[in-house]
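Trainee: sequence-free structure coming up:
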């Protein structure tokens with residue numbers, strides 16, 4: 001820990017609080033939209049299918065906007081400024097959501113979409129900029145950063161979710177906004193530890209000419225970009241399954257799981273903190289496992305880890321197949337909570353194998369002049385995965401939850417196995433980008 005740059009911890013806390021803001025709002029979004037408009041804590045009163053469609057579009061756009069966010073950083077403003085601007089837009093969006101109005105609801109979502117698009121890809125790229133090429137600490141740094149993300153994601157549903165469901169949806173939205181204000185404060189205070197990181201670098205001019213240098217990609221760079229594109233397919237598949245948490249699994253938890261513990265019914269949104277809690281508990285364990293695995297000379301490339309990760313995560317849905325069978329057999333039509341705990345456990349083990357590794361992988365393979373853009377595309381693929389998650393969730397209305405849960409397992413495990421078949425060829429195309437440089 002002490003060997004990492006101090007700037008890592010500034011970015012760690014900034015992203016922690018941004019994720020508190022995002023996941024707090026995400027925990028109650030679908031539940032607010034389907035809540036009875038005439039109830040004690042009135043929502044919008046939408047049908048579940050419409051709510052899941054909105055969820056899919058929103059979570060897709062949040063990440064797709066990372067592409068223009070990355071372009072703006074690379075070509076004009078730099079990553080550091082884009083993170084700051086993105087934070088301001090998120091704050092505005094959360095407090096607009098706190099206004100009880102349908103117009104305010106849409107405007108608030110739009111502002112958050114723009115804000116996350118500006119902040120998310122650029123803060124991740126800045127983490128990579130803290131480390132030199134070949135630094136063994138880079139992957140560990142991204143794991144630490146990833147744990148910060150999940151501390152925010154774990155606490156947000158507990159606070160924002162509980163307050164939103166039991167006191168008032170709009171109070172919950174405003175609480176998420178205060179989290180982002182604190183995040184901006186940390187970022188501004190910590191600028192002294194981020195000197196030279198994320199600054200805008202003007203294109204180099206060709207000597208004796210006013211034309212700017214736009215050198216084409218080399219053969220090695222093209223090969224590496226191709227491998228990145230393959231990894232983006234993994235990301236779409238992974239998040240298309242994993243993000244059932246905020247949509248289908250959120251509704252399933254509310255309607256078909258027995259949430260009574262010692263006579264108290266736990267709000268469904270509170271369980272949105274479970275994956276993040278698992279990440280905090282298991283993050284260093286999984287990272288340590290891979291470090292020991294690699295030290296023994298065994299296969300530990302990023303593509304291998306992503307393939308294993310998506311397969312493990314997919315197997316988590318077998319627990320939800322069990323929950324569906326349990327619910328169908330029970331007198332009250334509700335399954336036990338332990339099925340959800342088991343599903344989220346495997347989801348997170350898979351996530352820790354794949355997601356932080358993917359972030360680090362991009363900073364290793366992306367051409368320097370396209371670093372933020374490639375990170376933006378990564379998050380855009382995450383967005384497409386979120387949209388896919390919404391479509392899959394909608395399909396459950398006709399196909400049934402059990403069929404959808406089993407189908408997710410089948411496709412994710414099959415896709416992961418296919419990656420392993422082509423692993424050797426894909427590794428060759430990275431041209432040693434993951435080779436460790438001994439310090």
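Mentor: Received the coordinates, thanks. Bear in mind that the values here come from a model prediction, so they are computed numbers and not experimental data. Numbers count the residues shown, from 1 in each chain.
Trainee: next helix or strand past the helix or strand where residue 387 lies?
Mentor: Residue 387 is part of helix 371-399 when elements are defined by DSSP states H and E. Using DSSP H and E, the helix or strand that follows helix 371-399 in sequence is helix 401-421.
Trainee: Just the buried residues of that following helix, please?
Mentor: Neighbour counts over helix 401-421 (16 or more other Cβ atoms under 10 Å) mark 401-402, 404-409, 411-413, 415-416, 419 as buried. From N, CA and C alone the C-beta is placed, and that goes for glycine too.
Trainee: Which of the residues you listed sits closest to residue 286?
Mentor: residue 416 (16.4 Å; Cβ to Cβ).
Trainee: any idea how far the closest one is from residue 315?
Mentor: Using Cβ to Cβ, to the nearest Å, one gets 10 Å for the distance from residue 416 to residue 315.
Trainee: Also residue 6?
Mentor: Residue 6 sits 39 Å away from residue 315, going by Cβ to Cβ.
Trainee: Between these two, which is the more surrounded one?
Mentor: Taking neighbours as other Cβ atoms under 10 Å, residue 6 and residue 315 compare with residue 315 leading, 19 against 11.
Trainee: if I read this right, the more buried one contacts residue 346, doesn't it?
Mentor: Yes - using Cβ atoms under 8 Å, residue 315 is in contact with residue 346, at 5.5 Å.
Trainee: so where is the protein shaky, pLDDT-wise?
Mentor: Scanning the chain for pLDDT under 70 picks out 1-2, 203-212, 214, 436-439.
Trainee: rerun at 80
Mentor: For the chain, the stretches flagged by pLDDT under 80 are 1-2, 133-136, 139-140, 201-215, 246, 359, 368-372, 375, 397, 434-439.
Trainee: residue ranges for the strands of it, please.
Mentor: For the chain, applying DSSP state E gives strands covering 260-261, 264-265.
Trainee: Let me have the ones you listed in JSON lines, adding mean neighbour count as columns.
Mentor: Formatted as JSON lines, these follow (neighbours: other Cβ atoms under 10 Å):
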{"stretch": "strand 260-261", "mean neighbour count": "10"}
{"stretch": "strand 264-265", "mean neighbour count": "8"}
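Trainee: Could you save those strands as CSV and add columns showing distance to residue 30?
Mentor: Below are the strands of the chain laid out as CSV (distance: least, Cβ to Cβ, whole Å):
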stretch, distance to residue 30
strand 260-261, 22
strand 264-265, 18
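Trainee: Can you tell me which of those strands is nearest to residue 327?
Mentor: strand 260-261 (14.8 Å).
Trainee: At the geometric centre of this structure, which residue do we find?
Mentor: For the chain, the residue nearest the mean C-alpha position is residue 382 (7.1 Å; Cα atoms, centre = their mean).
Trainee: Just give me the neighbour total for the spatially closest residue to it that is not a sequence neighbour.
Mentor: Spatial nearest neighbour of residue 382, excluding adjacent residues (Cβ to Cβ, 6 or more residues apart in numbering): residue 63 at 4.4 Å. Residue 63 has 28 neighbours, counted by other Cβ under 10 Å.
Trainee: No further queries at this time; thank you.
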